[in-house]
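**Student:** Build me a structure from this.
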Amino acid sequence: MTAKQIIVAGILDTKGDEIKFLAERVKAAGGKPSVLEISVGHEVGWADISLSDVVARVGKKKEDIFALDRNSASDLIAQGAIKLIKEMREAGQVDGIIAYGGSMGASIATRIMQSLPIGFPKVMLTTMASGDVSPYVGTRDICMIYPIAEAGLNKVTRPILNNAAAAVVGMASPPDMEGIEEKPLIGCMMFGVTTPCVLRASSIVEKAGYDVMINHAVGSGGRSMEELIRDGYITGILDITTHEIADEMLGGVLSAGPDRMTAAGEMGIPQVIAPGGLDLINFGPKSTVPATLLKETDQPGRGLYEHNPTVTCVGVSMDEIYEIGEHMARKLNAAKGPSIMCVPMRGWGACDLATPDIELGWAGPGAGPVWAADENNPQWSKRSMRYVQALKAAINPDKDNLEVILVDKHMNDPECAEFLAELLLEMLKGKWTKGNRADHPFVIPF
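**Tutor:** This next block holds a predicted model:
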């Protein structure tokens, strides 16, 4: 078997001994290492791929780089390395990448790794792995390893680097996955409050011959899903947990950014959308909830829910949900493919229930903490009614590819889950037309 070609990257003027050792261990594990220099202070002269080679890809010389502040220098080095490794990949000259570094080394190396496709082996050894790794991982499958020490080769660090070297060589030499049928992939978003609905709907779609990828709607999950759609992995989406939009607009901690709920519309793939979990704004411990919101928790639907010591939720107000409805309608109006907004009128998640129901996610006592009944129809959520008002005001009624369907069910009712799955399957089969479900027993005129 031909040895797998592994890039070993690092800031060599400060971590040179560690990178040399890591490269030796890659070779010992059966790989063919190439040391890539990403130094920001001095060029060492012994790397297989010099810093000069790297920055030449962005029209710079090493002297240009060393004259800059470290932040500006790191940006150019990362840009150059991304271009260089892309060239190497296209030429079949690299099968995996491993890097060792502190915060600067990790910042540069993981930007390179984030440019590489899903499934390409990526291993980052850094002491930053013991903290918040979200800036380093982003939305890519980067393996982060905490190497205990910032620098130095000794009886503690050598075994760690040796293991990591073996890991990246092994990742670059995976066994063939024989006998596995690759099916069209359906995206789906889930949060704890929508789990009963998502699991039931996804199982129906799977039985119809599709694979389903369920992303956790915690910000990174939504960003990953948007990228997967744009990269062409996703055939259709059950975007039925959309609370990341509330967190983006209202200051919660699980925002997926302003581009959430845009990729499917731009790519023209079938999408069934629902306001699952959109009754909640998510924060950390109770002490992190803004005081202005805590003062409003006696208002209808604004209730406080402490999920655990590190997660606290506050209900979305009636005015806020109207703004969110307008915002989502504008995104739907831009959709190029078949799109349905399905609104369950009896609540949107486990915290949004009129009465306790363990099967739907709320054991009680009493109504869910953010439930607020509509004055005219107490079985319906006041929040749902306000949201529908916003959709009526903002949605484009003339688009044949776009429909709003109101459902006289709770989000987690089995019948609602089945209905959502059926809608997407109709779209995927090319059998859906606007209004073809108007006579369904629990569909309400919009």
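**Student:** Give me the neighbour count for P441.
**Tutor:** Residues near P441, counting by other Cβ atoms under 10 Å, number 6. (Glycine included, C-beta is placed from N, CA and C.)
**Student:** and the lengthiest helix in the chain, what other elements does it pack with?
**Tutor:** Ranked by residue count and defined by DSSP state H, the top helix of the chain is helix 70-90. If you count contacts as 3 or more Cβ pairs under 8 Å, 6 or more residues apart in numbering; DSSP states H and E, helix 70-90 packs onto strand 4-10, helix 51-56, helix 62-66, helix 103-114.
**Student:** Pop the domain breakdown of the chain in here.
**Tutor:** For the chain, automatic domain parsing gives the domain ranges 4-171, 185-444.
**Student:** could the ones you listed go into JSON lines alongside distance to M177 and mean pLDDT?
**Tutor:** Formatted as JSON lines, the domains of the chain follow (distance: least, Cβ to Cβ, whole Å; pLDDT from 0 to 100):
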{"stretch": "domain 4-171", "distance to M177": "11", "mean pLDDT": "92"}
{"stretch": "domain 185-444", "distance to M177": "13", "mean pLDDT": "95"}
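**Student:** Relative to K183, how far out is F120?
**Tutor:** Distance from F120 to K183, counting by Cβ to Cβ, to the nearest Å: 22 Å.
**Student:** between these two, who's got more neighbours?
**Tutor:** Shown here are F120 and K183; by other Cβ under 10 Å, F120 has more neighbours (18 against 13).
**Student:** Save the domains of the chain as CSV, and put in distance to E178 too.
**Tutor:** As requested, these are arranged in CSV below (distance: least, Cβ to Cβ, whole Å):
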stretch, distance to E178
domain 4-171, 17
domain 185-444, 17
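**Student:** hmm, back to that, so what are the sheet partners of whatever helix or strand comes next after the longest helix of the chain and their directions?
**Tutor:** Using DSSP states H and E, the helix or strand that follows helix 70-90 towards the C-terminus is strand 96-101. Strand 96-101 has its sheet partners listed here by DSSP bridges as strand 4-10 (parallel), strand 122-126 (parallel).
**Student:** Next, the buried residues of strand 96-101.
**Tutor:** Residues of strand 96-101 classed as buried by neighbour count (16 or more other Cβ atoms under 10 Å): 96-101.
**Student:** what angle separates it from helix 103-114?
**Tutor:** Inter-element angle recorded for strand 96-101 and helix 103-114: 160 degrees (by axes from the mean of the first three to the mean of the last three Cα atoms, to 10 degrees).
**Student:** Touching strand 96-101 from outside, list them.
**Tutor:** Residues outside strand 96-101 that contact it (Cβ atoms under 8 Å, 6 or more residues apart in numbering): 4-11, 15, 18-19, 22, 26, 31, 38, 85, 105-106, 108-110, 112-113, 116, 120-126, 147, 161, 164-165, 168-169, 171-172.
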